[in-house]
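*Asks:* here is my input; please provide its structure:
(chains A and B)
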Amino acid sequence: MLYAIQLQIRVIATLVLRETRMTFGTSHIGYLWAIFQPMVSISFLVVLFYLIGRKSPYGTSLALFFSTAVLTLELYNKMSVSLMRAFTSNKSLLTYPMIKETDTLFARAVLIGLTFVIINTVYYGGLWSVGLAQLPVHPEWLCLAFALTLALGFGIGTLNAIIYQRAQTWQHIEKLFARPLFFLSGVFYIPSKLPPEATAVLKWNPILHLVELTREAFFAGYESDILNIWYPLSLALTLSAIGLLWERISRKRRV
Amino acid sequence: MIELDSVSKRYSVSGVNKTILDDVSFVFESGRNIAVMGHNGAGKSTIMRMVAGIELPSVGQIRRDEKVSWPMGFASGFNGTMTGVENVRFVARIYGESSDRVLADVQEFAELGASLDLPIATYSSGMKARLAFGLSLAINFNSYLIDEITAVGDRRFKKKSEARLKDKLRDSRVIMISHSEKTIRDYCDCGVLIHGAKLYYYDAIDGLIRDYRTFC
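*Replies:* Residues are numbered from 1 along each chain as shown, chains lettered A, B, ... in the order given. As a prediction, this is how the structure comes out:
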């Protein structure tokens, strides 16, 4: 039992190293690029709102308000999309019997999680150091929101990987669902201030709950009418369980 | 010991069904050098890949309590965009061996020189085979799986790899597919015959070869 756990840790740690090399190449530029990417959308929104003379929907900092949503969305998107190809691009690894397909999922998830811990630290820390953000009033909620986003991305990503392995057109269909998330996740508005007809629909989007949780973590007095932590939590756990179970059951039927 | 427990393997490719193994239970005892024989298309390579753990059986379980190699010289586990060194270190790490020691062994054996620092995609198939062969010798497997290939490279290199494999087999055993009776007699002390999706075991090579000649 102990040996099995050691083996599992060794395999995943080795795969994480390999994934790092595959994702970012040999240079450090690759890693920097990953950190810069979310800045493009955040800066774009800040400049746009500044030009049309709008104030931040909440608090004084446009950059912080957008960051709470954009960084959450980026983490979710990155997880769900890069896990989609975890099986198909790692087929050669099945030569080694101790590596199971699910290990490639876990390795990618660990790498993306670690990358986003750095990205979040750089962004929130950077904004704080230039006076554009305050420290979160509930840092533990920030961690919870991060963990839930990771878990939700993992659940959807696992299902994506299984479906994509069977039908590659899934990558296009998945985009149809993922594209509108930018508008449905409260990036540039406060969901609670929308008319009830709108929130009745929007609250089905689990990412929106996670964005709201991130904002409650940062802003004292930000109170969301729609936030229900149990919704993204149960969805993340259910989808991950279904994904891993489905993979396990169908493992023998794949060639 | 490698144990096949009620193993069946079926393929279904575009409507054509094929049964390779039908409810086979068999133990490849530790330390015995085992030949695997059968006619073309009987499923020898598939069984080898299942024993290696590359493929899963359709039904049943395969248990191993020893370190089993991938079929020797088989280079499909490499990643083309990573360099030879990176691939070697990766494989050494997942098998829990010192990556420096394994790399030094491979460098010495495969004679790839500076090419080891290039992505594998730039290698010729001969270079890949030499790297894969050297890597499986560098990792201390208990069982070496051989699918026809006992040596790779040109004449001189073939001699060297054969000698190195023989050397290795003093501590490890071999499970080997071959159509050559001479090679089988050279390496193995018992064997199995695959016939009609079943495995038949022979405690001595003579009986195996007699039945192989009769049925295949």
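
*Asks:* and A:Gln168, what element?
*Replies:* A:Gln168 belongs to no helix or strand when assigned by DSSP states H and E.

*Asks:* brain fart, B:Glu108
*Replies:* Going by DSSP H and E, B:Glu108 is part of helix B:99-110.

*Asks:* next one: A:Thr102
*Replies:* helix A:101-129.

*Asks:* do that helix and chain B meet?
*Replies:* No: if you take CB under 8 Å from any CB of the partner chain as the test, helix A:101-129 misses chain B, and the best it gets is 9.7 Å. All C-beta atoms are positioned from the backbone trio N, CA, C, and that covers glycine.

*Asks:* next helix or strand past that helix?
*Replies:* From helix A:101-129, the next helix or strand downstream (DSSP H and E) is helix A:139-166.

*Asks:* what does the average pLDDT come to for the helix or strand just after that following helix?
*Replies:* Sequence-wise, the next helix or strand downstream of helix A:139-166 (DSSP H and E) is helix A:170-178. Helix A:170-178 carries an average pLDDT of 93.

*Asks:* how about stretch B:120-127?
*Replies:* 92.

*Asks:* now the end-to-end length of that stretch.
*Replies:* 9 Å (CA to CA, to the nearest Å).

*Asks:* now stretch A:164-184: how far from the chain's centre is it?
*Replies:* 15 Å (CA atoms, centre = their mean, to the nearest Å).

*Asks:* so what secondary structure elements neighbour the helix or strand B:Tyr144 falls within?
*Replies:* Following DSSP H and E, one finds B:Tyr144 within strand B:143-147. Judged by 3 or more CB pairs under 8 Å, 6 or more residues apart in numbering or on different chains; DSSP states H and E, the packing partners of strand B:143-147 are helix B:44-52, strand B:173-177.

*Asks:* list the pairing partners of the last one within its sheet, with orientation.
*Replies:* Neighbouring strands of strand B:173-177 in its sheet, by DSSP bridges, are strand B:34-37 (parallel), strand B:143-147 (parallel).

*Asks:* now what about the shortest one, what contacts it?
*Replies:* Residues outside strand B:34-37 that contact it (CB atoms under 8 Å, 6 or more residues apart in numbering or on different chains) are B:28, B:44, B:47-48, B:173-179, B:184, B:187-188, B:190-194, B:205, B:208-209, B:212, B:216.

*Asks:* which residue is the nearest non-sequential neighbour of the one residue in chain B that gets nearest to chain A?
*Replies:* Closest contact between chain B and chain A, by CB to the nearest CB, is at B:Gly53 (2.5 Å). Excluding the flanking residues, the one nearest B:Gly53 by CB to CB, 6 or more residues apart in numbering or on different chains is A:Pro97, at 2.5 Å.

*Asks:* did I read that right, B:Asp5 in a helix?
*Replies:* No: assessed with DSSP: H, G, I helix; E, B strand; the rest coil, B:Asp5 is strand; it does not lie in a helix.

*Asks:* where does the closest residue to it other than its chain neighbours land in three-state SS?
*Replies:* Nearest residue to B:Asp5 in three dimensions, chain neighbours excluded: B:Gln61, at 4.6 Å (CB to CB, 6+ apart). Three-state assignment for B:Gln61 (three-state DSSP): strand.

*Asks:* now for B:Gln61, how many residues are close by?
*Replies:* Neighbourhood size, B:Gln61 [other CB atoms under 10 Å in any protein chain shown]: 11.

*Asks:* contact partners for it?
*Replies:* For B:Gln61, the contact set (CB under 8 Å, 6+ apart) comprises B:Asp5, B:Ser6, B:Val7.

*Asks:* element containing the closest residue to chain B within the stretch 1-150 of chain A, please.
*Replies:* Nearest to chain B, among the residues of the stretch 1-150 of chain A, is A:Pro97, at 2.5 Å (CB to the nearest CB). For A:Pro97, there is no host helix or strand (DSSP H and E).

*Asks:* one more: B:Leu21?
*Replies:* Element membership of B:Leu21 [criterion: DSSP H and E] is strand B:16-28.

*Asks:* for that strand, buried residues please.
*Replies:* For strand B:16-28, burial by neighbour count (16 or more other CB atoms under 10 Å in any protein chain shown) applies to B:Ile20, B:Leu21, B:Val24, B:Phe26, B:Phe28.

*Asks:* coming back round to it: which of the contacts of B:Gln61 has the most neighbours?
*Replies:* B:Val7 (23 neighbours).

*Asks:* list the contacts of that one.
*Replies:* Neighbours of B:Val7 in contact, by CB under 8 Å, 6+ apart: B:Leu21, B:Asp23, B:Val24, B:Ser25, B:Met50, B:Pro57, B:Val59, B:Gly60, B:Gln61, B:Ile62.

*Asks:* can you put those in a markdown table and add pLDDT?
*Replies:* Converted to a markdown table, the contacts of B:Val7 look like this (pLDDT from 0 to 100):
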| residue | pLDDT |
| --- | --- |
| B:Leu21 | 92 |
| B:Asp23 | 93 |
| B:Val24 | 93 |
| B:Ser25 | 94 |
| B:Met50 | 92 |
| B:Pro57 | 92 |
| B:Val59 | 91 |
| B:Gly60 | 92 |
| B:Gln61 | 92 |
| B:Ile62 | 93 |
